[in-house]
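Colleague: Okay, here's the prediction I keep looking at, along with the sequence it came from:
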Amino acid sequence: MTRSLLDTVVVGFDGSPGSAHALVWAAADASRRGLRLHVIHVWQPPPLIPSGFPPAAMPDSEAILHDAVTRVRLVAPQLRVRTESLPAPVASAFVEASADADSIVVGAQGYRRLLRDFGSTAWQVATHATCPVVVVREVPVGDRIRPIVVGLDGSPESDRALRYAVARAAQDDVELVAVHAAPAAAVDEPADGTDNLDGWLAPIRSRHPDVRARPVTVHRHPVAALIAESRDAQLVVVGNRGRGGFRGLLLGSVGMDLVREATCPVAIVRC
């Protein structure tokens, strides 16, 4: 590949309803930001079949990708689209595609093989991809005017998530909601985390004075806080690891809960 794909949003599509949601979101996102769209159909090559047994079914990638382009044209007729069929393990295909991509988009209900063992395969993508990974459960209605939500805990990891979220908020001219989940034990303590949150946001406010940033400090589980904020958001942004209230946020069942229950797409920014 001779041309850099840093101007490209990569989306996985396998024909399932979940991947269709991801495709629509990715097409709208790429069109809005003036980027290209790279649609890939990732499929696992069938195992060798002993003589005498019927051959394993092969996916019709050409038909699946043709369907993808048709769907994209309904959302963004002028969008530059490239399609590709990749017979490879799902996680490694997406990780490799991330090397030169702006972002990777996958459906939360597509690629059943990807989500069936969410703790190992999907998190391999989120942990090892070299660009943000966006998991789309459904496409929000009126998402252009909804805020961007970001989870913060003061770690370098959440700082990178914050920078990504600010860029998205500035681009869409929407409010940025910065959420800090303080431990429940802190309810009776004098400090409630608001000063810390304001401090973390200070450099962003200085560099991006036009971005409307609203700090939110809550004394509850961080995933519950982000799920609550996701109800009115167009995107929730988190780092793939953190500390304090967000330690382990995207590892194991906790991260699965966020992706499964958030009512808007979730962007996982690798740190």
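Modeller: Perfect, I can see it now. Numbering: from 1, shown residues only.

Colleague: Run a quick neighbour tally on the residue nearest to A213 when sequence neighbours are not counted.
Modeller: Spatial nearest neighbour of A213, excluding adjacent residues (C-beta to C-beta, 6 or more residues apart in numbering): L176 at 4.5 Å. (C-beta placed from N, C-alpha, C; glycine too.) L176: 24 surrounding residues under other C-beta atoms under 10 Å.

Colleague: from memory L176 sits against A165, does it?
Modeller: Yes - L176 lies in contact with A165 (C-beta atoms under 8 Å); the separation is 6.1 Å.

Colleague: Can you work out which residues contact both of these two?
Modeller: 148, 150 (C-beta atoms under 8 Å, 6 or more residues apart in numbering).

Colleague: all helices of the protein, in order?
Modeller: 17-32, 61-75, 90-97, 112-116, 121-128, 156-172, 194-207, 222-230, 253-261 (DSSP state H).

Colleague: Next, format those as TSV and append distance to V139, mean pLDDT and mean neighbour count.
Modeller: Shown next, in TSV, are the helices of the chain (distance: least, C-beta to C-beta, whole Å; pLDDT from 0 to 100; neighbours: other C-beta atoms under 10 Å):
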stretch	distance to V139	mean pLDDT	mean neighbour count
helix 17-32	5	92	23
helix 61-75	10	95	16
helix 90-97	20	88	21
helix 112-116	18	48	17
helix 121-128	20	70	21
helix 156-172	15	89	20
helix 194-207	28	83	15
helix 222-230	13	89	22
helix 253-261	15	70	18
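
Colleague: between the ones you listed, which one is nearest to R270?
Modeller: helix 121-128 (6.9 Å; C-beta to C-beta).
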